[in-house]
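Enquirer: requesting a structural model of the entry that follows:
(2 chains)
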Number of protein chains: 2
Amino acid sequence: MTAQLMTGTDLARETLERAAERARHLEAETGVRPCLATVLVGEDPASVTYVAMKRNRCARAGVESRHVPLPAATTTEELVAVIRELSEDPTVHGILLQHPVPAHIDERAAFEAIDPAKDVDGVTMASFANMAFGHDGFASCTPGGIMRLLDAYGVDPVGQHAVVVGRSPILGKPMGMLLLARDATVTYCHSRTVDLPAVLATADIVVAAVGRPEFIKGEQLKPGAVVIDAGYNPGNVGDVDFDGAMGRARLVTPVPGGVGPMTIAVLIDQTVDAAARQTALAAASV
Amino acid sequence: MTAQLMTGTDLARETLERAAERARHLEAETGVRPCLATVLVGEDPASVTYVAMKRNRCARAGVESRHVPLPAATTTEELVAVIRELSEDPTVHGILLQHPVPAHIDERAAFEAIDPAKDVDGVTMASFANMAFGHDGFASCTPGGIMRLLDAYGVDPVGQHAVVVGRSPILGKPMGMLLLARDATVTYCHSRTVDLPAVLATADIVVAAVGRPEFIKGEQLKPGAVVIDAGYNPGNVGDVDFDGAMGRARLVTPVPGGVGPMTIAVLIDQTVDAAARQTALAAASV
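Expert: Residues are numbered from 1 along each chain as shown, chains lettered A, B, ... in the order given. The predicted model follows:
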């Protein structure tokens, strides 16, 4: 048996095209061009590359990006002040603080300085609670992109046993909540899980979000499972043993070209949403 | 085999005694007596009883309770306005909106009108996110009480498979997050779960929070499991078949006398905490 590839490239392109169309429409109607502020602390090469990719996609979708590079020695207080200013700036509709920030910074404090109305990356506690309670709001981009991938490939989570491996605040935790809101039976596994193989053996949907190369082996999967690899390790290697998974699962996301493109597409889609909402609100309050 | 009873009455009494001691200390030091506002919409007999119990426990712990009864026809806007006023009232330290409110009211909007600093019942989205991310903050009282029960009986959740049956915003969802923050492997089950018995068979800790009498049967439990019954159905019946559970599990909470007393104790404990924090803040800002 060979699984079907669950690629994100085409869906991401379609998502970006629709976002671009909505951005054009918004600008034509109101003169407002959506604007994403990208905040990068330090010069970590991977982060520099990610931010450049995001800004590049913005440009292609007709979304302005305002880059705010800050020195690696920036303090939490300084970063919070910068983000607060962006939160209050009416010409900025979305704010992305590139993760991870240097270790001396209180990342949570920095995230919480983002106005939830501009939290297009879905990192605030308010956005998390919205996801958990099934309310409107911005999704954390990677989990949000994964939900769109599942929909595009006809995977209905209702009643499925979805196993999320990893519990980070912007990936694993919101992922489980989004799946639960769609009526999956959700299990969170992590580094302290005693018998991961036993849990994986019963998983209809697996989301790997641990950041350890090929951590999940093909033979650990339930035959016919849907396997979402949200890992991205050095050398273009995911968290799942790809060949093993392809021999056993029903649907498998490749790395790269699976989850990654969807993450950026959701970011930009949500930025256009944010701009449209803020523009409508501003018009209503005139 | 007969399980050990995991009663909440003694632990709740001790918790209340410590809260009363702290309340006395606060009043002696600052002249401030902790005050819980209890908001009750309508006259549902069970809710009337619950609120009376809570106010009675307040009185015994030296906590003032300010009762705010509202007619059943109260609108969402009216309720929100009342709660906002209490949120801004410096003589009120904690706010309890008795759940459930009449169906025509947007309960979430009402909950969100509670200042998170006064959310001693742990119902706001901010409190939920704090629980999920392991930050300081008020716990939803029933899940918070259950965590204290587990600690008191020496049940360490690390690496245990904890199965939460039910996913309500103030019980099941925060319960799972608190267990996950304590390093359990957590599974959320609910009405759309396809094979609940298969999940229960692997559960080291079961929290039943569905509101269906004797929904979980003794023979479905893993031998030696820890069984927390957070259900409370008419006729003093829990969500777990008590006799069956006693014959198979290691620890079982009775209904009543298990989780229930802890819920109220945590509410009052958190009210005293809230009063102490707000009084310290007020002193610091003078």
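Enquirer: chain B contacts on chain A?
Expert: Counting by C-beta under 8 Å from any C-beta of the partner chain, the residues of chain A close to chain B are A:108, A:125-126, A:128-130, A:132-133, A:135, A:158-161, A:167, A:169, A:173, A:176-177, A:180, A:183, A:185-190, A:192-194, A:198-199, A:202. Glycine gets a C-beta too; all of them are placed from N, C-alpha and C.
Enquirer: return the members of those classed as buried.
Expert: Buried subset of the residues of chain A next to chain B (neighbour count, 16 or more other C-beta atoms under 10 Å in any protein chain shown): A:125-126, A:128-130, A:132, A:160-161, A:167, A:169, A:173, A:176-177, A:180, A:183, A:185-190, A:193, A:199, A:202.
Enquirer: so which of the residues you listed belong to helices?
Expert: A:125, A:126, A:128, A:129, A:130, A:132, A:173, A:176, A:177, A:180, A:199 (DSSP state H).
Enquirer: looking at those residues, which two lie furthest apart in space?
Expert: Largest separation among these by C-beta to C-beta: A:126 and A:199, giving 30.6 Å.
Enquirer: now the strands for the stretch 51-200 of chain A?
Expert: A:64-70, A:94-97, A:161-165, A:185-189 (DSSP state E, counting those that start in this stretch).
Enquirer: got the contact list for the shortest one?
Expert: With contacts defined as C-beta atoms under 8 Å, 6 or more residues apart in numbering or on different chains, strand A:94-97 is touched by A:34-39, A:41, A:51, A:54, A:79, A:83, A:86-87, A:110-111, A:114-115, A:118-121, A:123, A:267, A:270-271, A:274-275.
Enquirer: try 6 Å
Expert: For strand A:94-97, contacts defined as C-beta atoms under 6 Å, 6 or more residues apart in numbering or on different chains pick out A:36, A:37, A:38, A:39, A:86, A:110, A:114, A:118, A:120, A:121, A:271, A:274.
Enquirer: give the contact list for the fifth one.
Expert: If I follow you right, that is residue A:86. Counted by C-beta under 6 Å, 6+ apart, residue A:86 has contacts A:37, A:92, A:95.
Enquirer: apply 10 Å and report the result again.
Expert: A:35, A:37, A:39, A:66, A:68, A:92, A:94-97, A:113-115, A:118 (C-beta atoms under 10 Å, 6 or more residues apart in numbering or on different chains).
Enquirer: kindly report the same for the last one.
Expert: With contact taken as C-beta under 10 Å, 6+ apart, residue A:274 is in contact with A:34-36, A:92-95, A:115, A:117-120, A:138.
Enquirer: inside helices: which ones of the residues you listed?
Expert: Per DSSP H, those never map to helices.
Enquirer: nearest to chain B among those?
Expert: Nearest to chain B among these is residue A:119, at 12.5 Å by C-beta to the nearest C-beta.
Enquirer: so that closest one touches residue A:111, yeah?
Expert: Yes - between residue A:119 and residue A:111 there is a contact under C-beta atoms under 10 Å: 8.2 Å.
Enquirer: can I get the strands of the stretch 51-200 of chain A in TSV including distance to residue A:151 and mean pLDDT?
Expert: Converted to TSV, the strands of the stretch 51-200 of chain A look like this (distance: least, C-beta to C-beta, whole Å; pLDDT from 0 to 100):
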stretch	distance to residue A:151	mean pLDDT
strand A:64-70	27	98
strand A:94-97	23	98
strand A:161-165	14	98
strand A:185-189	17	98
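Enquirer: which residue comes closest to residue A:230 once chain neighbours are left out?
Expert: Leaving aside its chain neighbours, residue A:230 sits nearest to residue A:209 (4.3 Å; criterion: C-beta to C-beta, 6 or more residues apart in numbering or on different chains).
Enquirer: which phi and psi does that neighbour have?
Expert: Main-chain torsions, residue A:209, degrees, to the nearest 10: phi -150, psi 60.
Enquirer: could you do residue A:194 as well?
Expert: Here residue A:194 shows phi and psi, under degrees, to the nearest 10, equal to phi -80, psi -50.
Enquirer: my guess is it contacts residue B:162. True?
Expert: No - using C-beta under 10 Å, residue A:194 makes no contact with residue B:162, being 11.8 Å away.
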